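Asks: Build me a model:
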Amino acid sequence: MRTILASLSTPLFLHGVLASLRSAVAMFYETFWPLILGFGLAGVIQSFVSRAAMERSLGTHRPRAIARAAFYGAISSSCSYAASAMTRSLFAKGADFTSALVFLVASTNLVFELGVVLTVLMGWQFAMAEYLGGCIMIVLLALLSVWWFGARDLREARSRAETFEGSTPATSDHEAFAEQSWSRKIRSKGAWADAAAYTLADLTMLRRELLIGYLVAGALATEVPPSFWNILFVHGHGAATGLENVLVGPLIAIASFVCSIGNVPLAAALWHGGISFGGVISFLFSDLITLPLLLIYQRYYGRRVTLKILGLFWLVMSFGGIVTEGIFRLAGILPTKRPVAIVPNHWRVDLTFFLNLLALVLFLLMLWLAQHRLAWGGGRRTATDPVCGMEVDLSHVAASTIWRDQSIVFCSERCRLRFVDAPERFAPSNTKEETMDIEAHSATIAIDPICGMSVDPDHAAGQETFDNVMYYFCSEGCARRFAAEPGAFTSS
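Replies: This next block holds a predicted model:
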């Protein structure tokens, strides 16, 4: 112990920390322009595509519905937390559970920005494998999910999901704006300003994952000895090596706590450390089963369904990784050379420098657009989640609460709970301005006594009278629970 403490106080330890930071900064520098480009395009899609169309077309698990779910997921935000909330919302509003899970997988594995960053940081083979393996995984998920989840599982999952479903309705203004044609939106300054706001919100929302991803990847690349990777990843055993690596990949993802695009730097570090090609791909797929997300699934769908989701995802993610590696091996395009360093250790004026400079200009332009969106008619259908910074579509509010007589909306129940625990920390100064549309639509807001969500009495999913007091509910599930034992949820 004394030896360890002594080593931590030596310049050698400081040298290691500086080397890790230098590697993390270098990785961020190499991927800055693809991050801005990818998230910028994702922001445009979120601004121009109506989410109402998703709900209308995912009611079955037939091939067309599965294909639509994959498409809608691929053009949505890549944040795993937001995607899980959107998936629960789609399912609670009538989407088939299989289609909802396909949407969830596609929203974090088929998005454009992921491919761009993978290409720059690791190579085109990894980007191609991500998309090919994602499609394989979706097909397998669609085939297995139908019998993997029984009728009891689906009833329990839907009942629990409905209790989290917010009741904030879409006003006529929201619906009219969302249903505008593409040609009209393209000519709208407000729509482009909204696209910029979506981009900045996604970057803000994922800042923690990105920061942790780069820092941990820098430490793994510089400080972890090769002997550790040789123990963790089996080598020289043929098919057994590939199988062990694709099974270990998801295990590392569960323990890493890093999801969304933040796990790309970690994947680069794992590839540098010796994990197989298929193991890297299965690790990239597994951002949907990190421990924080598993806890969210448990809250949304119950423990039994969550364990089944974990088992199914682990199976299809591992299978997708090993099949993708086999296809690449047969095609003769499997990468075999591992980089001596993940990124160059020196700085130079090259194409990356000028692309980053252009990306910085684009980023500043988006800041300017976002600041002027209210003046240009933007922001009419969104409000900002004060916890994570995500732009929340007011016609698809995942959670909401009342604070100081103001309605505040959130991208997920996770963010609502964090706000309730410390409202003074997250309360935005412009809450009243951003929630003007909701308050104008309904001057009176009730609180669901079961789950605590805000409910518009004019559009409540249910209502019950107890002791001459009318109570309103966000879902039929909450109304049924109240009717069964009203005294347990009132102060009277």
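Asks: Any idea how many residues pack against Asp96?
Replies: 21 (other C-beta atoms under 10 Å). C-beta coordinates here come from the backbone N, C-alpha and C atoms, glycine included.
Asks: same check, this time on Val248
Replies: Residues within reach of Val248, counting by other C-beta under 10 Å, total 20.
Asks: next one: Lys189
Replies: Lys189 sits with 14 neighbouring residues when counted by other C-beta under 10 Å.
Asks: Now do it, the pLDDT please.
Replies: Here the pLDDT value assigned to Lys189 is 80.
Asks: In a helix, Ala129, correct?
Replies: Yes: Ala129 forms part of a helix when assessed by DSSP: H, G, I helix; E, B strand; the rest coil.
Asks: Contact partners for it?
Replies: Phe277, Ile281, Thr324, Glu325, Phe328 (C-beta atoms under 8 Å, 6 or more residues apart in numbering).
Asks: what's the spacing between it and Glu30?
Replies: 20 Å (C-beta to C-beta, to the nearest Å).
Asks: Arg348 too?
Replies: 12 Å.
Asks: Same drill for those two, tell me which one is more crowded.
Replies: Taking other C-beta under 10 Å, Arg348 and Glu30 do not tie; Glu30 has more neighbours (19 against 7).
Asks: Go ahead and confirm that one touches Phe353.
Replies: No: the pair Glu30 and Phe353 does not pass the contact test of C-beta atoms under 8 Å, sitting 10.7 Å apart.
Asks: For Ile186, give me its contacts.
Replies: Phe48.
Asks: now do Leu251
Replies: Leu251 sits in contact with no residue, where contact means C-beta under 8 Å, 6+ apart.
Asks: again, but for Asn263
Replies: Glu209, Gly213, Ala253, Ser256, Phe283, Leu284, Asp287.
Asks: Let me know the pLDDT of the fifth one.
Replies: What that stands for is Phe283. For Phe283, pLDDT reads 88.
Asks: how close does it sit to Gly134?
Replies: Phe283 is 13 Å from Gly134, by C-beta to C-beta.
Asks: What of the last one?
Replies: Between Asp287 and Gly134 the distance, using C-beta to C-beta, works out to 12 Å.
Asks: What residues sit buried inside stretch 20-39?
Replies: Neighbour counts over stretch 20-39 (16 or more other C-beta atoms under 10 Å) mark 20, 23-24, 26-28, 30-39 as buried.
Asks: residues in contact with that stretch?
Replies: 111-117, 119-121, 199, 202-203, 210, 214-215, 217-219, 221-223, 261, 264-265, 268, 341-345, 347, 352, 355-356, 358-360, 362-363.
Asks: What lies in contact with the host helix or strand of Ala161?
Replies: In this structure, Ala161 sits in helix 151-162 according to DSSP states H and E. Residues lying outside helix 151-162 but in contact with it, judged by C-beta under 8 Å, 6+ apart, are 88, 91-92, 97, 149, 300-302, 304-305, 308, 475-478.
Asks: Can you say which of those are buried?
Replies: Buried by 16+ other C-beta under 10 Å: 88, 91-92, 97, 149, 300-302, 305, 308, 475, 477-478, out of the contacts of helix 151-162.
Asks: what kind of secondary structure is Val409 in?
Replies: strand.
Asks: now that we're looking at it, how far away is Val224 from it?
Replies: 42 Å.
Asks: Between the two, point out the one with more neighbours.
Replies: Val409 (28 against 14).
Asks: Kindly state the beta-bridge partners for the more buried one.
Replies: Residues in a beta bridge with Val409, per DSSP bridges, are Ser400.
Asks: Was I right to think it contacts Glu391?
Replies: No: look at Val409 against Glu391 with C-beta under 8 Å: they stay out of range, at 10.3 Å.
Asks: overlap in contacts of these two?
Replies: Ala383, Asp385.
Asks: Not counting sequence-adjacent ones, nearest residue to Ala70?
Replies: For Ala70, ignoring the flanking residues on the chain, the nearest one in space by C-beta to C-beta, 6 or more residues apart in numbering is Ala106 at 4.4 Å.
Asks: name the element that neighbour belongs to?
Replies: Ala106 is located in helix 97-109, with elements delineated by DSSP H and E.
Asks: what's the answer for Leu41, then?
Replies: With DSSP H and E as the test, Leu41 turns up in helix 11-48.
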